[in-house]
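Student: missing the sequence, but the structure's below:
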């Protein structure tokens, strides 16, 4: 079974008539966190720089993201600073952004406004989107970067078996703490706004059970892995394990590496069907004995 990817869209703007921001470092650190994550195949990242208001519309219509981040400047009630046709500042109000994002409330789960004084816009957008993060004051580059990197590190690593709260809430708390761990001030500046109807939505939604690994004896694991030395590539293809992940498998122990890959993702319950699909019904039968 292939896990549906979460799409992350980062929009950044630093108009030529505003203070220079370290947006390149922020983006680099986010991409680095994505590459090192064990769950990186479950997320896809796209970013657009020097965005104008029309670029927001086109990017979201084309990409259909689940998580949207804006990095740049905020001007309190006046809005967020995008770029005009000449690269100068063009402010977009929270009401305008809320009206636009509201058209995508079925797919957009979270909006992150990594910009000073963006709490006003976050409050407006949260009337349409379940989770919105804004800043209640000026936030310096170091704290802003630590926050977003910590947010995505936690979001990508989230595991409902171990972690408290919804994914965005968990990531928000870790991100705030990341500012503290870096030894800089500003951990109370990020604010998480929730849609007023979020509790009702959760209460009325189907209950989803947490997924856990099935219990398989060590003897069965050894038996199956020893007999997959010639078929492990077919198994890796079945689970769509990416080439860069296969490159990290220890030579001669590829079946064991695939087993560990499945354990990390709580997907051992799919192994029986996978073995049958690649023509190893003998091992699928053995697995039934557990």
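Tutor: Received it, and whenever you're ready, just let me know what you need. What you see is a predicted model, and the numbers here were worked out from it, not measured in a lab. Numbering: from 1, shown residues only.
Student: State the distance from residue 284 to residue 234.
Tutor: Computed as CB to CB, to the nearest Å, the residue 284 to residue 234 distance reads 13 Å. C-betas here are computed from N, CA, C, even on glycine.
Student: the more surrounded of these two?
Tutor: residue 284 (18 against 15; other CB atoms under 10 Å).
Student: same question for stretch 10-22, mean pLDDT?
Tutor: Mean pLDDT, stretch 10-22: 92.
Student: which residues sit against it?
Tutor: The set of residues external to stretch 10-22 that reach it, using CB atoms under 8 Å, 6 or more residues apart in numbering, is 23, 26-27, 30, 45-51, 55-56, 59, 68-73, 81-84, 87-90, 141, 145.
Student: List the residues that are in contact with both of residue 284 and residue 234.
Tutor: Common contact partners of residue 284 and residue 234 (CB under 8 Å, 6+ apart): none.
Student: Make a PyMOL selection of the buried ones in the contacts of stretch 10-22.
Tutor: The PyMOL command for the buried members of those (criterion: 16 or more other CB atoms under 10 Å) is given here:
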select buried, resi 23+26+27+30+45+47+48+50+51+55+56+59+68+69+70+71+72+73+81+82+83+89+90+145
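Student: Not counting its own residues, what contacts the host helix or strand of residue 96?
Tutor: Using DSSP states H and E, residue 96 sits in helix 94-101. Residues from elsewhere that reach helix 94-101, judged by CB under 8 Å, 6+ apart: 56-57, 68, 77, 79-80, 108, 111, 120-125, 127-129.
Student: what's downstream of it, the next helix or strand?
Tutor: Of the helices and strands lying after helix 94-101 in sequence (DSSP H and E), the nearest is strand 110-115.
Student: tell me which strands and helices that next one is in contact with?
Tutor: Under the contact criterion of 3 or more CB pairs under 8 Å, 6 or more residues apart in numbering; DSSP states H and E, strand 110-115 touches strand 67-74, strand 80-83, helix 119-125, strand 131-135, helix 141-157.
Student: How about the contacts made by the nearest residue to residue 185 once chain neighbours are set aside?
Tutor: Of all residues not flanking residue 185 in the chain, residue 143 sits nearest, at 6.9 Å (CB to CB, 6 or more residues apart in numbering). Neighbouring residues of residue 143 by CB under 8 Å, 6+ apart: 179, 182, 184, 185, 186, 187, 189.
Student: Name the member of those with the most neighbours.
Tutor: Greatest neighbour count in these, by other CB under 10 Å, goes to residue 179: 23 neighbours.
Student: Next, the distance between the ends of stretch 6-17.
Tutor: Terminal residues of stretch 6-17 lie 35 Å apart, using CA to CA, to the nearest Å.
Student: That stretch: which residues count as buried?
Tutor: The neighbour-count check on stretch 6-17 (16+ other CB under 10 Å) flags 6, 7, 8, 9, 10, 11, 12, 13, 14, 15 as buried.
Student: residues contacting the first one?
Tutor: Pointing back at residue 6 there. Residues in contact with residue 6, defined by CB under 8 Å, 6+ apart, are 42, 43, 44, 66, 67.
Student: you'd agree the fourth one is up against residue 109?
Tutor: The reference is to residue 66. Yes - here residue 66 reaches residue 109: they are 5.1 Å apart, a contact under CB atoms under 8 Å.
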